[in-house]
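**Student:** Dropping the sequence and predicted coords here.
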Amino acid sequence: MFERLRASLGKARATFGTIVRLGRTGAPLTPEFWETFEEALIAADVGVPTTEKIVGGLRTVAKQEAWKTTDQVVARFRRDVERFLTLPGAALDLAAAPAVVLIVGVNGSGKTTTIGKLAKQLRGQGKRVLLVAADTFRAAAAEQLTIWAERSGCDVVRGAEGADPASVVFDGVRAGKTRGADVILIDTAGRLQTKTNLMEELKKMRRVIERELGAPPAETLLVLDGTTGQNALSQARLFNEATQLTGAIVTKLDSTAKGGALVAVVDLLEVPIKYVGLGEAPDDLRPFVPADFVAALFDDAAAPVA
Ligand SMILES: Nc1nc2c(ncn2[C@@H]2O[C@H](COP(=O)(O)OP(=O)(O)O)[C@@H](O)[C@H]2O)c(=O)[nH]1
Ligand SMILES: [Mg+2]
């Protein structure tokens, strides 16, 4: 994972490299340092609010500890980022029987592909997995999910094109209970008409699940396209307002990814990133390991710059 991440985090790695180099000089702490530091974080897609929070915190510590050189700041910064990305509950909670996992996110973010990969992995662990095609917006969406289901030997429940997604969710949860599924993965449509519609649709699906299970979904995971940087952030904000998320999955980190955005996403959502997508094959969905991510971002394997 480390090498793949290293290669993909090109832009973010270059900007974080700027920071690393700033620290390696052991130069005195100056106002210019703080400015360059802040600019580098924003350039790495960390976003203005999160950048201000991070830099503000570091400035306070630097003052308290009477730090004299930039290396002290950068060392602390690296530790902070890793600690910041390490939230409890990073593993999927599949304790319920059946455990319902609702997957949300905009079109093209990688929801269906991620469900396909997850289904394959869970099948490999001997779990009975049911896929529910609640993306009824396009017939092709259910087709795509059915292909993944066939590949990994899972059942699939689908509705007619244009059917009410909540009714497909209802059928899916019912079927999952009857057939003794361990995990029910629900694929949803990602269209963002208006915030109100999105909220209503997600709420309705949640209500159906709660009514059928007597409990909310075990997981509601937001899938974000890692190549979209700040755009992913505004999507995250919208979905966070519309439903109660338990985690995020960031896909396409194998393409030119804006790594700093992951820091901003965690800051905004206050839920862990549970998986990252590093390609299109089933094994390319990996648990998110903050230490590996930070090492890749800070380019630990690169030759030290004097
Ligand atoms: N390179 C790469 N492509 C991905 C990844 N995840 C999804 N994709 C691709 O992104 C496109 C959209 O994925 P899809 O699952 O249909 O998105 P959805 O609309 O959210 O269901 C497809 O071409 C996928 O193959 C990933 O981790 N890496
Ligand atoms: Mg889809």
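**Tutor:** All right, it came through fine. Ligands and ions are numbered 1, 2, ... in the order given.
**Student:** So for the closest residue to ligand 2 within the stretch 151-300 of the chain, what's the pLDDT?
**Tutor:** Of all residues in the stretch 151-300 of the chain, Asp187 sits closest to ligand 2, at 5.9 Å by Cβ to the ion. The C-beta positions use only the backbone N, C-alpha and C, and glycine is treated the same way. Note for Asp187: predicted pLDDT of 96.
**Student:** Same check on Thr15?
**Tutor:** For Thr15, the model assigns a pLDDT of 70.
**Student:** And for Pro304?
**Tutor:** At Pro304, pLDDT is 44.
**Student:** going forward, begin numbering at 214 instead of 1
**Tutor:** In the new count, where the first residue is 214, that last one comes out as Pro517.
**Student:** So what's the residue count around the closest residue to ligand 2 within the chain?
**Tutor:** Ligand 2 sits closest to Thr325 of the chain, with a gap of 3.3 Å, by Cβ to the ion. Neighbourhood size, Thr325 [other Cβ atoms under 10 Å]: 25.
**Student:** and the helix or strand hosting it, average pLDDT?
**Tutor:** Per DSSP states H and E: Thr325 is located in helix 324-337. For helix 324-337, the mean pLDDT works out to 96.
**Student:** near ligand 2, anything from the helix or strand following that helix?
**Tutor:** Downstream of helix 324-337, the first helix or strand assigned by DSSP H and E is strand 342-347. No. With Cβ under 5 Å from the ion as the criterion, ligand 2 is not reached by strand 342-347; the gap is at least 8.8 Å.
**Student:** in the stretch 214-363 of the chain, which spans are helices?
**Tutor:** For the stretch 214-363 of the chain, the helices defined by DSSP state H, counting those that start in this stretch occupy 215-221, 223-237, 244-256, 261-277, 283-298, 324-337, 352-365.
**Student:** Number of residues surrounding the residue of the chain found nearest ligand 1?
**Tutor:** Going by Cβ to the nearest ligand atom, ligand 1 is nearest to Gly490 of the chain, at 2.5 Å. Gly490: 25 surrounding residues under other Cβ under 10 Å.
**Student:** correct me, but it touches Ala461?
**Tutor:** No. Using Cβ atoms under 8 Å, Gly490 makes no contact with Ala461, being 11.5 Å away.
**Student:** just the helices of the stretch 214-363 of the chain: most buried one?
**Tutor:** helix 324-337 (a mean of 22; mean count of other Cβ atoms under 10 Å).
**Student:** Could you list every helix and strand in contact with it?
**Tutor:** strand 312-317, strand 342-347, helix 352-365, strand 396-401, strand 460-464, strand 486-490, strand 498-500 (3 or more Cβ pairs under 8 Å, 6 or more residues apart in numbering; DSSP states H and E).
**Student:** Not counting its own residues, what contacts that helix?
**Tutor:** Residues from elsewhere that reach helix 324-337 (Cβ atoms under 8 Å, 6 or more residues apart in numbering): 307, 314, 316-318, 342, 344, 348, 354, 357-358, 360-362, 364-367, 395-396, 398, 400-401, 403, 436, 462, 464, 488, 490, 493-498.
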